[in-house]
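Student: Pasting the sequence and the predicted model now:
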Amino acid sequence: DAGVTQSPTHLIKTRGQQVTLRCSPISGHKSVSWYQQVLGQGPQFIFQYYEKEERGRGNFPDRFSARQFPNYSSELNVNALLLGDSALYLCASSLVGAKGNTIYFGEGSWLTVV
Amino acid sequence: GESVGLHLPTLSVQEGDNSIINCAYSNSASDYFIWYKQESGKGPQFIIDIRSNMDKRQGQRVTVLLNKTVKHLSLQIAATQPGDSAVYFCAENPPGYKLSFGAGTTVTVRA
């Protein structure tokens, strides 16, 4: 069975540009979360979606937005990119959006902003 | 939620020995904890989880211990192998939907 899949795996953007990252959860999983991981640090929570509704948001500016589609896939959008947005963006899925559900991560999308 | 931390940033262990990775958390309301392994260039890989109504859980070659009194979590890896070299993260699930991660411990296995 396929795990959490993310695309693209690597991308380079220029400051001020916009980026869209995509995620497909594990088959049957209805909850998707997004995390940002800066080099040398642990992942930081950005968003969680369950049944197409935002259930949680981390301490990130409004330049970051996301959505979940009827097939439970998700997109993360970042506008007006800054150099500091360079990071590994991780998507995670779980069966439902409740606490205590095992959360599985994808391999991530490496974003470099120049 | 941001105070999950590991006691040591690096751990060097001889192949075949047992490894113990420690983690302290600060949110006493957290009731679910997960250990992840992250190899270079990859996403975090689920290892084992434990709920707060348990103090020990075993998997294949791994054991997680939870001490809620002192808010401490540990991961024990038996007979450490070269493939165990990675960064290990503990994550807690406080009230809400997010996981809070520490900075990670880098484990290096010596041949």
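Tutor: Cool, the structure landed. Residues are numbered from 1 along each chain as shown, chains lettered A, B, ... in the order given.

Student: Could you double-check that residue B:81 sits in contact with residue B:14?
Tutor: No: with contact defined as Cβ atoms under 8 Å, residue B:81 and residue B:14 do not form a contacting pair (11.2 Å). C-beta coordinates here come from the backbone N, C-alpha and C atoms, glycine included.

Student: Nearest the geometric middle of chain A, what residue?
Tutor: Taking Cα atoms, centre = their mean, the centroid of chain A lies closest to residue A:34, which sits 3.0 Å from it.

Student: what about it, distance to residue B:67?
Tutor: 31 Å (Cβ to Cβ, to the nearest Å).

Student: Does residue A:52 touch residue A:71 like I think?
Tutor: No: in this structure, residue A:52 is not within contact of residue A:71 by Cβ under 8 Å, at 10.0 Å.

Student: higher neighbour count, the two?
Tutor: residue A:52 (13 against 8; other Cβ atoms under 10 Å in any protein chain shown).

Student: nearest spatial neighbour of that one, skipping sequence neighbours?
Tutor: residue A:68 (4.7 Å; Cβ to Cβ, 6 or more residues apart in numbering or on different chains).

Student: how about low-confidence regions in chain A?
Tutor: A:1, A:97-100 (pLDDT under 70).

Student: count of neighbours near residue 60?
Tutor: Using chain A. Neighbour number of residue A:60 under other Cβ under 10 Å is 16.

Student: my bad, chain B
Tutor: Residue B:60 is flanked by 7 other residues according to other Cβ under 10 Å.

Student: In contact with residue B:39, which residues are there?
Tutor: Residues counted as contacts of residue B:39 (Cβ atoms under 8 Å, 6 or more residues apart in numbering or on different chains) are B:45, B:85, B:86, B:87.

Student: One more: residue A:31?
Tutor: A:25, A:48, A:49, A:50, A:55, A:93, A:94, A:95, A:96, A:97, A:101.

Student: is it possible to export the residues you listed to CSV including neighbour count and distance to chain B?
Tutor: Putting the contacts of residue A:31 into CSV (neighbours: other Cβ atoms under 10 Å in any protein chain shown; distance: Cβ to the nearest Cβ, whole Å) gives the following:
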residue, neighbour count, distance to chain B
A:25, 27, 13
A:48, 27, 4
A:49, 24, 10
A:50, 20, 8
A:55, 17, 5
A:93, 27, 11
A:94, 23, 9
A:95, 15, 13
A:96, 12, 11
A:97, 19, 6
A:101, 18, 9
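
Student: and those residues as a markdown table, adding secondary structure?
Tutor: Shown next, in a markdown table, are the contacts of residue A:31 (DSSP: H, G, I helix; E, B strand; the rest coil):
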| residue | secondary structure |
| --- | --- |
| A:25 | coil |
| A:48 | strand |
| A:49 | strand |
| A:50 | strand |
| A:55 | strand |
| A:93 | strand |
| A:94 | strand |
| A:95 | coil |
| A:96 | coil |
| A:97 | coil |
| A:101 | coil |
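
Student: How many neighbouring residues does whatever residue of chain A ends up closest to chain B have?
Tutor: For chain A and chain B, the shortest gap (Cβ to the nearest Cβ) falls at residue A:42, measuring 3.1 Å. The local packing of residue A:42 (other Cβ under 10 Å) involves 24 other residues.
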